[in-house]
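1. Sequence and predicted structure are below.
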Amino acid sequence: MGAPTWTGGNAATTASNLLGSDPTDAESSLLSSQQSWWADYRANTGTLEATSSDGEAQYTESLRAVYLFMEAASMRGTVPGSQAGVAGMFNFGQDHQNRTPSATWLWNLRTQISANMSSGDFALNIPIFNLYQNNLAAIETWTRQQMGGLPGACVPEVMRFNGNGNGNGGDPGAGANAACSQPGSPNWNALDITSGAEISLYVWQQYRTPGTSTSCGRTAR
């Protein structure tokens, strides 16, 4: 979750400017755009119905539905709103932050990418793609700094929102756990050799999927 930048001043005036007429508007007016978005999402998402005598199919169906709707709620911003269940709108650790909240892990995000593609919700992958595309220059700079001046883009598996490969909290020194670090431990570096290729493949697969649109990102049904 986030909050507006606070640079000092009158708190009441700032709040009034941010909220505008919302405090006095009718509830129906405030909810109309949100309800319209969710109605459209529900109508165009590839949900499924499954049954089995032991109830396992119904249980799996429910898990998938819950996942898709939680995914939609947390992935409507300009960058991914969740990864690995931490630092997003929904957090399995409640008030405790597991792992490193400022880091994004492609090996976790790829499950969300695949779920969105399989349900026709292609637009929800755009924030993930933006994260890597908009940070390409920063990733290339990190690569040169940490990989002995080598050209190209070593996409950090554990990456901050700004393309910094030090997303796991470790330093890029010898034996440390930073990603895309030539002298670092192979613990995380072993994952870096596939991250760039994977995100490129996902972008290409979505681009090649019939019916996708850059405006709404969904398949017409």
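-> That came through, no problem.
2. where's the helix or strand containing Ser28 relative to the chain centroid, distance-wise?
-> Assessed by DSSP states H and E, Ser28 sits inside helix 27-44. Computed by C-alpha atoms, centre = their mean, to the nearest Å, the chain-centroid distance of helix 27-44 equals 22 Å.
3. then that helix to CSV, C-alphas only?
-> Coordinates of each C-alpha in helix 27-44 appear next as CSV, following Å, rounded to 0.1, in the frame of the first residue of the first chain:
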residue,chain,number,x,y,z
GLU,A,27,-22.0,6.3,-2.0
SER,A,28,-23.4,5.2,-5.3
SER,A,29,-21.4,7.9,-7.1
LEU,A,30,-18.2,6.8,-5.4
LEU,A,31,-18.7,3.2,-6.2
SER,A,32,-20.0,3.4,-9.7
SER,A,33,-16.6,3.3,-11.5
GLN,A,34,-15.3,0.5,-9.3
GLN,A,35,-18.5,-1.6,-9.7
SER,A,36,-18.3,-1.1,-13.5
TRP,A,37,-14.7,-2.2,-13.6
TRP,A,38,-15.4,-5.4,-11.5
ALA,A,39,-18.5,-6.2,-13.6
ASP,A,40,-16.4,-6.0,-16.7
TYR,A,41,-13.6,-8.1,-15.2
ARG,A,42,-16.1,-10.8,-14.1
ALA,A,43,-17.7,-10.9,-17.5
ASN,A,44,-14.4,-11.3,-19.4
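4. which residues in the chain form strands?
-> Counting by DSSP state E, residue ranges of the strands within the chain are 103-105, 158-160.
5. Neighbours of the nearest residue to Asn162 once chain neighbours are set aside, how many?
-> Once flanking residues are discounted, Asn162 sits nearest to Ala138: 5.9 Å by C-beta to C-beta, 6 or more residues apart in numbering. Where you see a C-beta, it was placed from the backbone N, CA and C, and this is true even at glycine. A total of 16 residues lie near Ala138 under the criterion other C-beta atoms under 10 Å.
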